[in-house]
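> give me a model of this one.
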Amino acid sequence: MRSLETKVIVITGASSGIGQATAEAFARGGARLVLAARNAAALQAVAKKCRELGADVLVVPTDVTDAAKVKELAQAALSFGRIDVWVSNVGVGAVGKLQDTPIEAHEQVIRANLIGHMNDAHAVIPVFFKQGRGVFVNMISLGGFAAAPYASAYSASKFGLKGFSESLRAELAEFPDIHICDIYPAFIDTPGLSHGANYTGRKLSAPPPVYDPRMVADAVVKVSRSPKATTTVGAAADLIRVGHFLAPTLTATFMNWFMTTYFKSAPAAPITDGNLFKHAQNPGGIDGGLRDPQQRLAVGAIAATAITAVVGLALLRAYTQRRTHGRIGIKKW
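Next comes the predicted model:
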């Protein structure tokens, strides 16, 4: 699918952030868009911008945790005649220690981030079978590689989503023209963090480097044209992936230290359910305002140094273990 012109693209979570950036990127390529999210007014605003870019747009307000509504979304998209790409992009978060976060909040994160994506796939895969082709893009995050303390449900949902994608990809191996493509962004500058539930009592932020959402949108467009199983966005995602692979306990310990240290000095903030149970009142557009260089310089230096140290220690540990096992093996032989 080298050309996007007239292709039918469904995007869930399209009302802001990565979803909006992706919609605009596809619109520039002349695709026909089906935009879904809970906030109908925000979707209409995104649709207006995409139409100004030349796209034909259908707006279908949808809560992906409702399987029946997702089926209706797929049927609405078929009014264009087919579905070429489905971007499963919904993601919510709840930050706080396990015991401080209401169990209802944990459950809602799992419903949106995992069950919602399964609902998406369950609705569109039969369409792909009938067509004989299609691309399902699963937005995961570096949270699928390394768990984040203070975000246990989010981490569980992303680890689960990675497993779901791998399982589905294996099931579809005999269908070479149906593709399951996973996207793993690093920390991205979207309104998502300000929209999320916060049970810490402290202001939330993201450790640098924080990347432009349009980078993720470009990655989605790229895999739609040339499908690829796994795509990371941002060097930090690759760095954390390697560090976790080599030393998962060390990486988790570092993450806990970093976040605990941050919350001790972060400004106070109200406890809030955010957009877990209802859409955000202010969608916020594409950018979240987290890339202010003056605001993030000091934290960035600390984070970069610490991450480099963790990966370095992990590499040293792996090398030492290999040497040790090698010597033991020679003696036994």
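
> in the host helix or strand of Ser167, what's buried?
Assigned by DSSP states H and E, Ser167 belongs to helix 152-171. When burial is assessed from 16 or more other Cβ atoms under 10 Å, helix 152-171 yields the following buried residues: 152-162, 164-165, 168-169. In short, each C-beta sits where N, CA and C put it, glycine included.

> report the rounded mean pLDDT for it.
Regarding helix 152-171, the rounded mean pLDDT is 97.

> from the contact counts, what lies against that helix?
Applying 3 or more Cβ pairs under 8 Å, 6 or more residues apart in numbering; DSSP states H and E, we find helix 152-171 packed against strand 94-95, helix 103-110, helix 116-131, strand 134-139, strand 178-185.

> out of these, which comes closest to Pro213?
In terms of Cβ to Cβ, the element of the helices and strands packed on helix 152-171 nearest to Pro213 is strand 178-185, at 8.4 Å.

> follow-up on the earlier one: hmm, who's touching the helix holding Ser167?
With contact meaning Cβ atoms under 8 Å, 6 or more residues apart in numbering, helix 152-171 is reached by 93-95, 98, 101, 105-107, 109-110, 112-114, 117-118, 121, 125, 136, 138, 140-141, 143-145, 147-148, 180, 182, 229.

> do you know the pLDDT at Ala148?
89.

> thinking again about what came up before, could you export the helix holding Ser167 as PDB, CA atoms only?
Listed next in PDB are the C-alpha coordinates belonging to helix 152-171 (Å, rounded to 0.1, in the frame of the first residue of the first chain):
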ATOM      1  CA  SER A 152       0.800  -1.000  37.900                       C
ATOM      2  CA  ALA A 153      -2.400  -1.300  35.900                       C
ATOM      3  CA  TYR A 154      -0.900   0.600  33.000                       C
ATOM      4  CA  SER A 155       2.200  -1.700  33.000                       C
ATOM      5  CA  ALA A 156       0.000  -4.800  33.200                       C
ATOM      6  CA  SER A 157      -2.200  -3.500  30.300                       C
ATOM      7  CA  LYS A 158       0.900  -2.800  28.100                       C
ATOM      8  CA  PHE A 159       2.600  -6.100  28.900                       C
ATOM      9  CA  GLY A 160      -0.700  -7.800  28.100                       C
ATOM     10  CA  LEU A 161      -1.200  -5.900  24.900                       C
ATOM     11  CA  LYS A 162       2.300  -7.000  23.700                       C
ATOM     12  CA  GLY A 163       1.300 -10.600  24.400                       C
ATOM     13  CA  PHE A 164      -2.000 -10.200  22.700                       C
ATOM     14  CA  SER A 165      -0.300  -8.800  19.600                       C
ATOM     15  CA  GLU A 166       2.200 -11.600  19.400                       C
ATOM     16  CA  SER A 167      -0.500 -14.200  19.800                       C
ATOM     17  CA  LEU A 168      -2.700 -12.600  17.100                       C
ATOM     18  CA  ARG A 169       0.300 -12.300  14.700                       C
ATOM     19  CA  ALA A 170       1.000 -16.000  15.100                       C
ATOM     20  CA  GLU A 171      -2.600 -16.900  14.500                       C
END
